[in-house]
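Trainee: everything below, folded, please.
(chains A and B)
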2 protein chains.
Amino acid sequence: MTGPAKPVVVDTVQAVRFQVAQARCLGRRIGCVPTMGALHEGHLSLIRAARQRCDYVVVTIFVNPTQFVAGEDLENYPRTRDADLAACASVGTDLVFAPSTAEMYDPDSLTTVRVHRITEPLCGRHRPGHFEGVTTVVTKLFNIVQPDAAYFGQKDAQQAVVLRKMTRDLNFPIEIVVCPTVREPDGLAMSSRNAYLSPEQRRQALSLHRALDGVRRAVAEGRRDAAGLLAEARQTIKSAGPCSIDYLEIVHPETLQPLTEVDQTALVAVAVRIDQARLIDNLLVDPSGPA
Amino acid sequence: MTGPAKPVVVDTVQAVRFQVAQARCLGRRIGCVPTMGALHEGHLSLIRAARQRCDYVVVTIFVNPTQFVAGEDLENYPRTRDADLAACASVGTDLVFAPSTAEMYDPDSLTTVRVHRITEPLCGRHRPGHFEGVTTVVTKLFNIVQPDAAYFGQKDAQQAVVLRKMTRDLNFPIEIVVCPTVREPDGLAMSSRNAYLSPEQRRQALSLHRALDGVRRAVAEGRRDAAGLLAEARQTIKSAGPCSIDYLEIVHPETLQPLTEVDQTALVAVAVRIDQARLIDNLLVDPSGPA
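Mentor: Sure thing, here's the model as predicted:
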């Protein structure tokens, strides 16, 4: 063999159950990486993490319509199936589940899973219904794959907090693993939506990480006032070019409620619209951390 | 041995997982009977059905606070633990899970499971939030026990329809088995809430089944007009004594939408309050069925 074997690719729930049941019978630890495809290094880092800690790795590729809000980019969301399958193979994936929308949702589907409160601020405020779409489809994927562990990126910080809470509240016997955000060498967080950016917008988008990192350094140097820190970060983003800031906040890392003082580990989270692209980024900052 | 062995009784999620994992390792088919205790012949028929089709039977006993609506009988709901355990043993139960409320719900629990539309009519209209409590706790019990099959009574017809839909919509790999209503010799549907009835009210309560059976016989004889059938059934109940009818309807057995003509299998469902007791009953009627 010159590399990892090609994954088995299936598109039905029944085929997943069959494949995974075989792995489970052999006593394998099952890891699942739910994605919407358009795989980049961020996704691959999740698959590698699953590969390291599990014996059988399932990647799901499904552009879930119920987590797109009206007017969003559902139709234009990048779909790169062949490249995705090659990427999965390159890092060692056992099974790819790439269902159709019809396979995932009965037309008369009536059931939703909702996490209250922590879905309201940040992205929840600007994408009403988004997280209900996420928690419902992830519940379905959990029940289809029945993994021992599932892997998500810190890039989608609120999603990670919401899914951790859902998993605990509903007693899913699944370990939720959140992996660090993967960045381009210049700091831009990897995202399938970066493909929407022109070269000029791509340069402008660097301001998100620059602003977050500015908060991190200021906190490490002793600054504690959230309002002042946020004003400076906002200035960093606004001066980089025309954009609309959906939110820029310093919040508690689990309750996602705004903090006025950074006297504990805090999540600095931002969402910015640059033309058609909506970009998010975040950083956990620690008042006792390194500068 | 002179009878079935006593069940193992546990009160923590961890202990259930441990016990069931052992059974699963041995290749056992796991059956689950979720109950609120106060077990009667109706529950025992569910346990017997599970016993027949599964190798390892789990009964859960949990008076779930989230499915009681404000002003209902949560505090007074009958709790008969010792008798329940003896009853479980008598019909062959492997594991009883009887958790505390604290074991089932974190105080900061934020997640709910909701089935839309079919939870709105009938009991849903009179017990707002009831079914969300049921679907959420059953999701949790499904994730804790991870059974191959779960058993519910036709007595709670809307609950059965809702849970079947939830199970399919969320891709739980669980067979939902609905068992016939068990009745006293005189026709009264078994219910833990029958304990609330005085002897006089107990006689009055027979009017529910008498009314439903009247509809069944009329349909078998060729009657099709729902409005006329319901008027007669209502008269039967009202003339039996003072009571308040929450609902009395003829509906589609899956969508639970009202039918005007009984030209297909239909669900006739009733809920009546007699003093403090709220009683429900139902019958599936079939225009081509026996008189």
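Trainee: surely residue A:137 and residue A:62 touch.
Mentor: Yes - using Cβ atoms under 8 Å, residue A:137 is in contact with residue A:62, at 7.2 Å. Yep, even glycine has a C-beta here, placed from its N, CA and C like the rest.
Trainee: mind listing the shared neighbours of the two?
Mentor: Overlap of the contact sets of residue A:137 and residue A:62 (by Cβ atoms under 8 Å, 6 or more residues apart in numbering or on different chains) consists of A:34, A:104.
Trainee: in space, what's closest to residue A:111 - neighbours in sequence excluded?
Mentor: residue B:169 (3.6 Å; Cβ to Cβ, 6 or more residues apart in numbering or on different chains).
Trainee: give me the number of residues near the one you found?
Mentor: Neighbourhood size, residue B:169 [other Cβ atoms under 10 Å in any protein chain shown]: 22.
Trainee: what's the local residue count around residue A:152?
Mentor: Applying other Cβ under 10 Å, I find that residue A:152 has 21 neighbouring residues.
Trainee: for the stretch 51-200 of chain A, what lies in contact range of chain B?
Mentor: A:106, A:109-118, A:135-136, A:139-140, A:143-144, A:146, A:165-166, A:168-173 (Cβ under 8 Å from any Cβ of the partner chain).
Trainee: now, those that are in helices?
Mentor: Per DSSP state H, helices hold the following members of these: A:135-136, A:139-140, A:143-144, A:165-166, A:168-169.
Trainee: which among the residues you listed count as buried?
Mentor: Among those, those classed as buried by 16 or more other Cβ atoms under 10 Å in any protein chain shown are A:135-136, A:139-140, A:143-144, A:165-166, A:168-169.
Trainee: contacts only, for the closest residue to chain B within the stretch 151-291 of chain A.
Mentor: At 3.6 Å from chain B, residue A:169 is the closest residue in the stretch 151-291 of chain A, using Cβ to the nearest Cβ. Each residue near residue A:169 by Cβ under 8 Å, 6+ apart is listed here: A:115, B:106, B:109-111, B:140.
Trainee: kindly recompute the last result at 10 Å.
Mentor: Taking Cβ atoms under 10 Å, 6 or more residues apart in numbering or on different chains, we find residue A:169 in contact with A:113, A:115-116, B:105-106, B:108-113, B:136, B:139-140.
Trainee: surely residue A:131 is in contact with residue A:118?
Mentor: Yes - counting by Cβ atoms under 10 Å, residue A:131 does reach residue A:118; the two are 8.6 Å apart.
Trainee: where do the contact lists of these two overlap?
Mentor: With contacts defined as Cβ under 10 Å, 6+ apart, the residues shared by residue A:131 and residue A:118 are A:124, A:158, A:162, A:166.
Trainee: residue B:110 versus the last one, what's the distance?
Mentor: Residue A:166 is 8 Å from residue B:110, where distance means Cβ to Cβ, to the nearest Å.
Trainee: now for the two: what residues contact both?
Mentor: A:114-115, A:118-119.
Trainee: could you chop chain A up by domain?
Mentor: Domain ranges of chain A: A:8-179, A:192-285, per automatic domain parsing.
Trainee: check the offset of stretch A:39-50 from the chain's centre.
Mentor: In terms of Cα atoms, centre = their mean, to the nearest Å, the centre of stretch A:39-50 is found 11 Å from the chain centre.
Trainee: same question but for stretch A:236-244, I mixed them up
Mentor: On Cα atoms, centre = their mean, the centre of stretch A:236-244 falls 24 Å from that of its chain.
Trainee: same deal with stretch A:119-127?
Mentor: For stretch A:119-127, the distance to the chain centre is 15 Å (Cα atoms, centre = their mean).
Trainee: show the average pLDDT along it.
Mentor: The pLDDT scores in stretch A:119-127 average 98.
Trainee: flag every buried residue along it.
Mentor: For stretch A:119-127, the neighbour count (16+ other Cβ under 10 Å) marks A:119, A:121-124, A:127 as buried.
Trainee: circling back to that earlier point, quick check: the farthest pair among the shared contacts of residue A:166 and residue B:110?
Mentor: A:114 and A:118 (11.0 Å; Cβ to Cβ).
Trainee: which residues do the two both contact?
Mentor: A:131, A:162, A:166, B:110-111.
Trainee: can you tell me which of these is nearest residue A:66?
Mentor: Closest to residue A:66, out of all of the shared contacts of residue A:114 and residue A:118 and judged by Cβ to Cβ, is residue A:131, at 10.5 Å.
Trainee: for the buried residues of stretch A:119-127, which one is nearest chain B?
Mentor: Once Cβ to the nearest Cβ is applied, the member of the buried residues of stretch A:119-127 that ends up nearest chain B is residue A:119, at 8.5 Å.
Trainee: can you give me the helices in chain A?
Mentor: Using DSSP H, helices in chain A cover A:13-25, A:41-53, A:81-91, A:101-104, A:123-126, A:130-145, A:157-169, A:199-220, A:226-238.
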